[in-house]
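In: prediction below, plus the sequence it came from.
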Amino acid sequence: MFFRKKKNKYTPPADSKYKLGEYVHFRYRDELFFGYVFYIYKDANNNTLYDVQVGGQCPAIIKGLKEDQLFIVKE
């Protein structure tokens, strides 16, 4: 008999300023980067934190960015 592990559905917090997949800009180590929101979660102090994926062919994920560190550039 073959058993499969049930996949849990992820639901991001409803009160977050940015949504999953939204392109954002942020400063990291004194440089301006852009990427898209990969994961949203809350910490113990009820602050909204974001994981942002940067890069294309070889991506990196910047974890734990606060809401005030991110911004969207309007054209």
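Out: Now that the structure is in, tell me what you want to look at. Residues are numbered from 1 along each chain as shown.

In: show me where the chain has strands.
Out: 23-28, 31-42, 48-54, 60-66, 70-71 (DSSP state E).

In: highest average neighbour count across those?
Out: Highest mean neighbour count among the strands of the chain (mean count of other Cβ atoms under 10 Å): strand 48-54, with a mean of 19. All C-beta atoms are positioned from the backbone trio N, CA, C, and that covers glycine.

In: what's the angle from it to strand 60-66?
Out: Angle of strand 48-54 versus strand 60-66, following axes from the mean of the first three to the mean of the last three Cα atoms, to 10 degrees, is 160 degrees.

In: list the contacts of strand 48-54.
Out: Residues lying outside strand 48-54 but in contact with it, judged by Cβ atoms under 8 Å, 6 or more residues apart in numbering, are 13, 15-18, 24, 26, 33-43, 59-67, 70.

In: if we go to 10 Å?
Out: Strand 48-54 has contacts (Cβ atoms under 10 Å, 6 or more residues apart in numbering) with 12-13, 15-18, 20-26, 28, 33-43, 59-70.

In: same check, this time on stretch 6-16
Out: The contact list for stretch 6-16 (Cβ under 10 Å, 6+ apart) reads 18-20, 22, 37, 39-42, 46, 48-50, 67.

In: what comes up buried for that stretch?
Out: 12, 16 (16 or more other Cβ atoms under 10 Å).

In: per-residue pLDDT of Tyr23, please?
Out: Tyr23 is assigned 92 on the pLDDT scale.

In: quickly list what it is bridged to.
Out: Under DSSP bridges, the beta-bridge partners of Tyr23 are Tyr36.
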